[in-house]
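Trainee: with the input below, show me the fold.
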Amino acid sequence: MMNILNQLAGHARERVKTAEKMHPFDEIKELALSLPKGDFAFEKALAKPGIRFICECKKASPSRGLISPEFPYLEIARSYEKAGADAISVLTEPKWFLGDDRYLKEIAAEVSIPCLRKDFTVDKYMIYEAKLLGAAAVLLICSILSTEELAEYLRICDELGISALVETHDAAEVSMALSAGARIIGVNNRNLKDFSVDTENSRRLRDEIPAGILFVSESGVRDAADVARLREIGADAVLVGEALMCAPDRKAALKRLRGAL
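Mentor: Numbers count the residues shown, from 1 in each chain. Model (predicted):
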């Protein structure tokens, strides 16, 4: 039976085909390359001393269903920035996460902190597209890419001056990320094949990631105690989604998480 991650990747490929009919690859690539080269703002933000916070804007998820029916995404992004977020992750996947490219475009234009395009990147088209939307970084998931594709996508990111958060789930994928040249490696505590969460995954894989490579723990961060434990193992950043999106006061919730510093 096809797992959820394969369905997400398959739908992303269909989205690229549809997008290319309106805006061919060469057109998107030329437009992206005509923009000023980025300064790797996302990478710089995560490299600052202490544990950094990537806060997520998402309307829904396969595991939780509809999270924010009204979804005042600009208000959410502004509140994150005011509360001290270091970066914002914006879901653009439309089918399961109810994301939209315009959310990213508008948020990136509104805030001064770097934005990550959180999507299922299966084609280089999506990287050039992310640049045009104002993203300072893209998500590259090892589970849906070959080592060759990952290396190529990292080269494109470098050419555009945007960062890549390379997501892994096990030691083999960490090795793959390192072989491809990743400078930021994320360990997802959520298994995207069945959406189970195991927060110990970051601890297990920590020693696989060498010094000099930024280490991000993704998913399952619920409170300040979780942040403190991740700080102890040397996480450079945490990506927090549902704990903030489901909070009645997101600004206060982020301040509580930051209280672990």
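
Trainee: report the buried residues of the host helix or strand of residue 257.
Mentor: Following DSSP states H and E, one finds residue 257 within helix 250-258. Buried residues in helix 250-258, counted by 16 or more other CB atoms under 10 Å: 250, 251, 253, 254, 256, 257, 258. Every residue, glycine included, has its C-beta placed from N, CA and C.

Trainee: give me the mean pLDDT for that helix.
Mentor: The average pLDDT within helix 250-258 is 85.

Trainee: if we look at it, which residues are touching it?
Mentor: Counting by CB atoms under 8 Å, 6 or more residues apart in numbering, helix 250-258 makes contact with 53, 55, 76, 79-80, 82-85, 221, 223-224, 227, 238, 240, 243-244, 247, all of which sit outside it.

Trainee: buried subset of the residues you listed?
Mentor: Here, 16+ other CB under 10 Å leaves 53, 55, 76, 79-80, 83-85, 221, 227, 238, 240, 243-244 buried among these.

Trainee: let me see the contact set for the residue lying closest to residue 189 once chain neighbours are set aside.
Mentor: Of all residues not flanking residue 189 in the chain, residue 220 sits nearest, at 4.0 Å (CB to CB, 6 or more residues apart in numbering). By CB under 8 Å, 6+ apart, the residues touching residue 220 are 189, 190, 197, 198, 199, 226.

Trainee: also residue 200?
Mentor: Applying CB under 8 Å, 6+ apart, we find residue 200 in contact with residue 189.

Trainee: what does stretch 164-180 rub up against?
Mentor: Residues outside stretch 164-180 that contact it (CB under 8 Å, 6+ apart): 42, 116, 137-143, 147, 150-151, 153-154, 157, 182-188, 191-192, 201, 205, 208-210, 213, 216, 218.

Trainee: hey, C-alpha coordinates of it in PDB?
Mentor: C-alpha atoms of stretch 164-180 as PDB (Å, rounded to 0.1, in the frame of the first residue of the first chain):
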ATOM      1  CA  ALA A 164      18.400  23.900   2.100                       C
ATOM      2  CA  LEU A 165      17.100  22.200   5.100                       C
ATOM      3  CA  VAL A 166      17.800  18.500   4.300                       C
ATOM      4  CA  GLU A 167      15.400  16.300   6.200                       C
ATOM      5  CA  THR A 168      16.400  12.800   7.400                       C
ATOM      6  CA  HIS A 169      14.800  10.100   9.500                       C
ATOM      7  CA  ASP A 170      17.600   7.500  10.000                       C
ATOM      8  CA  ALA A 171      21.300   7.000   9.900                       C
ATOM      9  CA  ALA A 172      21.400   6.000   6.300                       C
ATOM     10  CA  GLU A 173      19.600   9.300   5.300                       C
ATOM     11  CA  VAL A 174      22.000  11.300   7.400                       C
ATOM     12  CA  SER A 175      24.900   9.700   5.500                       C
ATOM     13  CA  MET A 176      23.200  10.400   2.200                       C
ATOM     14  CA  ALA A 177      22.700  14.100   3.200                       C
ATOM     15  CA  LEU A 178      26.400  14.400   4.100                       C
ATOM     16  CA  SER A 179      27.500  12.800   0.900                       C
ATOM     17  CA  ALA A 180      25.400  15.200  -1.100                       C
END
